[in-house]
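In: Need coordinates for the below:
(chains A, B, C and D)
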There are 2 protein chains.
Amino acid sequence: MSGADSTPTHSPGETVQLTGFSLDTLRYYERIGLIEPVHRAVGGQRRYREQDVEWLGVLRCLRDTGMPIARMREFAEQVRAGDGTVAHRLALLEEHDRGVADQIALLQRQRGRIREKIEYYRTVVSADVSTDA
Amino acid sequence: MSGADSTPTHSPGETVQLTGFSLDTLRYYERIGLIEPVHRAVGGQRRYREQDVEWLGVLRCLRDTGMPIARMREFAEQVRAGDGTVAHRLALLEEHDRGVADQIALLQRQRGRIREKIEYYRTVVSADVSTDA
DNA sequence: CTCACAGCTGGAGCGCGCTCCAGGTCAAGC
DNA sequence: GCTTGACCTGGAGCGCGCTCCAGCTGTGAG
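Out: Now for the predicted structure:
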């Protein structure tokens, strides 16, 4: 680590730690254009800058909420295109947000059913211990 | 529909409507043992009984909450085994429920970040339509 | 009788999102 | 100099959960 750099960077290994993505996934994301070609150190090893890591954080957020890779790429392209795409990006995120809300609602509803079943099983188990344990 | 039956059953098509699973998925679930071999009408066509549809509802619930097929099969086998597996089933559901809770928490956290981004984009869009960050 | 249609079977194929691999390079430590 | 270890590349492979297909059969309408 050369700490005197004006722009601190991260080795691939560090970036794995920071983002939770695997080395393979980081390279995969770069290949398919989810992230721009990453700067290289002498020798060809990747050096992720702060902004790269931040962008990876955004990707992590979108992935965690189930956005498909294709849509993420669409988003990434718009971010790269910059000017004039903000409205489009906003629309994309708003739509995604609605999807996430639905997803959460579904999970909560179904979780309710699961917990009912758990409750039922608990009464069964506590009422009759004869067959088990 | 022959309404005089003592045990009303559902055609495959009806079952698709009732459960939201596709015809192929229903057959697939049967093949892999998620549901027991379904009764047949003369001619070999499947006839799903009420209890089959209810069980499919349980499977729907588990799938919606992201339980892997393998785990669902484990659960199905225990249900079939009946007595003595209740404690085990309870444990399985409790563990799954914790997973679902985590999933919901993660979604909510990440959704927060998305909404922040949306808010930010809104200020950008309404403040000035020509500039870029 | 003919036809359309819903469903049947076994098995192949697919889309997604990684994940793994062989074979190589470079930098640092002993 | 030699070894170790992190990382490189292009491309193949994989696990999951379906989904599709060809070719067939039984049922009901006209």
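In: Just read off the phi/psi values of the nearest residue to A:Gln78 once chain neighbours are set aside.
Out: Distances taken as CB to CB, 6 or more residues apart in numbering or on different chains place A:Thr85 nearest to A:Gln78, at 3.9 Å, with adjacent residues excluded. C-betas here are computed from N, CA, C, even on glycine. Backbone geometry at A:Thr85, expressed as degrees, to the nearest 10, gives phi -100, psi 0.
In: For chain A, which segments count as strands?
Out: Ranges of strands in chain A, per DSSP state E, are A:9-10, A:48-49.
In: What score does A:Ala76 have for pLDDT?
Out: A:Ala76 is assigned a predicted lDDT (pLDDT) of 98.
In: Mean confidence (pLDDT) on the lengthiest helix in chain A, please.
Out: Assignment by DSSP state H gives helix A:86-127 as the longest helix of chain A. Summarised as a single mean, pLDDT over helix A:86-127 is 96.
In: ok, back up a step: now the residue nearest to A:Gln78: how far from A:Glu74?
Out: As judged by CB to CB, to the nearest Å, A:Thr85 and A:Glu74 stand 10 Å apart.
In: now do A:Ile104
Out: Taking CB to CB as the measure, A:Ile104 falls 23 Å from A:Glu74.
In: Give me the neighbour count for the nearest residue to A:Thr7 once chain neighbours are set aside.
Out: Counting by CB to CB, 6+ apart, A:Thr7 lies nearest to A:Arg49, which is 5.8 Å off, once chain neighbours are set aside. Residue crowding around A:Arg49 was assessed by other CB atoms under 10 Å in any protein chain shown; the count is 15.
In: So which bits of chain A are right by DNA strand C?
Out: With CB under 7 Å from any atom of the strand as the criterion, chain A meets DNA strand C at residues A:22, A:24-25, A:28, A:42-44, A:63, A:68-70.
In: Out of the residues you listed, who's the most crowded?
Out: Greatest neighbour count in the residues of chain A next to DNA strand C, by other CB under 10 Å, goes to A:Arg63: 18 neighbours.
In: How many neighbouring residues does the closest residue to that one other than its chain neighbours have?
Out: Using CB to CB, 6+ apart and skipping the chain neighbours, the partner closest in space to A:Arg63 is A:Met72 (7.2 Å). Other residues within reach of A:Met72, judged by other CB under 10 Å, total 20.
In: isn't A:Met72 right next to A:Leu62, touching?
Out: Yes. Here A:Met72 reaches A:Leu62: they are 5.3 Å apart, a contact under CB atoms under 8 Å.
In: so the longest helix of chain A versus helix B:86-127, what angle?
Out: Relative orientation of helix A:86-127 with respect to helix B:86-127: 160 degrees, computed using axes from the mean of the first three to the mean of the last three CA atoms, to 10 degrees.
In: What are the neighbouring residues in contact with the nearest residue to A:Gly20 once chain neighbours are set aside?
Out: Distance criterion CB to CB, 6+ apart; nearest residue to A:Gly20, sequence neighbours excluded, is A:Arg60 at 6.3 Å. With contact taken as CB atoms under 8 Å, 6 or more residues apart in numbering or on different chains, A:Arg60 is in contact with A:19-21.
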